[in-house]
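Visitor: Show me how the following folds:
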Amino acid sequence: MNFDKWFYSQDRVLQIILLIIPFVGWAVELLIRLSIMLRTMSAVHVVVFILFLVLGWGWFLCLIDIIYLALKGRLILA
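Guide: Below you'll find the predicted structure:
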């Protein structure tokens, strides 16, 4: 699964648009974190994926990820 590589290869504006749309943003972040978790199998990525699965449906974490993506070009903890 290389969804994260596809996402990061897109234009920054498209990345932000995908994250701003309410349900689509959650699904995109979930797929990115799942893709990274399956590829690395790092304990940190497994914990972050589970936490995002439980707490990530709220707008606050998505907003933090959008700001971090605009500044750094990556999702936080991904």
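
Visitor: From the centroid of the protein, which residue is nearest?
Guide: Of all residues in the chain, the one closest to the mean position by C-alpha atoms, centre = their mean is Glu29, 3.1 Å from it.

Visitor: That residue reaches Ile66, doesn't it?
Guide: No. Look at Glu29 against Ile66 with C-beta atoms under 8 Å: they stay out of range, at 9.9 Å. No exception for glycine: its C-beta is placed from N, CA and C like everyone else's.

Visitor: shared neighbours, those two?
Guide: The contact sets of Glu29 and Ile66 overlap at Leu19 (C-beta atoms under 8 Å, 6 or more residues apart in numbering).

Visitor: Tell me, how many residues neighbour Ile36?
Guide: Ile36: 22 surrounding residues under other C-beta atoms under 10 Å.

Visitor: measure Pro22 to Leu63 for me?
Guide: 12 Å (C-beta to C-beta, to the nearest Å).

Visitor: Does Gln15 touch Tyr68 like I think?
Guide: No. Gln15 is beyond contact range of Tyr68, at 11.4 Å (criterion: C-beta under 8 Å).

Visitor: Which one's more surrounded, the two?
Guide: Ranked by neighbour count (other C-beta under 10 Å), Gln15 and Tyr68 place Gln15 first, with 21 against 15.

Visitor: tell me the contacts of that one?
Guide: 7-8, 69.

Visitor: Which of the residues you listed fall in strands?
Guide: Judged by DSSP state E, strands contain none of the contacts of Gln15.
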